[in-house]
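> here is a sequence with its predicted model. Questions after.
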Amino acid sequence: MIYIRESPQHGRGVFACDHIVAGTTLIRFRGPLLPRAQVDFGDYHLQVADDLYLGPSGEADDFVNHSCAPNAGFADGLVLMALRDIAAHEEITWDYSCAIDEADFPGFPCACGTASCRGLVRSFRHLDPAVRERLRPWALPYLRDRYR
């Protein structure tokens with residue numbers, strides 16, 4: 001259903017082998033659970049709670065890139081689901097702000113290139129309230145609960 005190859009956006013990315021229908025489960029994120037003090041912030045990691053992160057799995061979930069107009073989002077916990085139909089060979093993306101909620105996170109420049117690009121990937125808490133509300137259904141559960 002998916003494969004990894006070089007991405008025009010950033011390093012490697014995850015792409016659809018064939019047409020994927022909206023609502024299809026794409027990837028379950030895996031990896032060791034780590035407290036913030038044990039996270040190597042130079043390596044892949046995913047914040048899943050206030051002081052809890054998912055470390056690298058070495059699998060496809062480590063290579064799904066960000067987009068401000070993603071075609072995938074989190075549905076059931078750490079399960080990434082297609083938000084819309086995805087064409088064969090289209091890169092699968094999710095909005096990284098749907099997992100980050102660190103008060104001291106400075107953000108980083110966005111390179112998604114979409115018409116709706118926010119220019120900076122930021123913590124969920126620092127997004128405009130209207131953007132936060134639009135993204136909330138696809139955010140990780142700890143963020144959905146916090147920002148009801």
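Received, thanks.
> compute the number of surrounding residues for Thr25.
Thr25: 14 surrounding residues under other CB atoms under 10 Å. The C-beta positions use only the backbone N, C-alpha and C, and glycine is treated the same way.
> what sits against it?
Ala75, Val79, Leu80, Met81 (CB atoms under 8 Å, 6 or more residues apart in numbering).
> so which strand or helix has the third one?
Translated: Leu80. strand 79-82 (DSSP states H and E).
> give me the mean pLDDT for that strand.
Averaging pLDDT along strand 79-82 yields 97.
> same question, stretch 21-31
Mean predicted lDDT for stretch 21-31 stands at 97.
> quick one, helices of this protein?
All helices of the chain, identified by DSSP state H, fall at 129-135, 141-146.
> contact partners of the last one?
Outside of helix 141-146, the residues that reach it under the criterion CB under 8 Å, 6+ apart are Val48, Ala49, Asp50, Phe74, Gly77, Cys98, Ala99, Asp101, Phe124, Arg136, Pro137.
> and those residues, which is closest to Cys117?
Among the contacts of helix 141-146, Cys98 lies closest to Cys117 (CB to CB), at 15.6 Å.
> what's the farthest-apart pair in the contacts of Thr25?
With CB to CB as the measure, no two of these lie farther apart than Ala75 and Leu80, at 7.6 Å.
> higher neighbour count, those two?
Leu80 (25 against 16).
> so that one sits against Arg30, correct?
No. Using CB atoms under 8 Å, Leu80 makes no contact with Arg30, being 11.5 Å away.
> nothing else from me, thank you.
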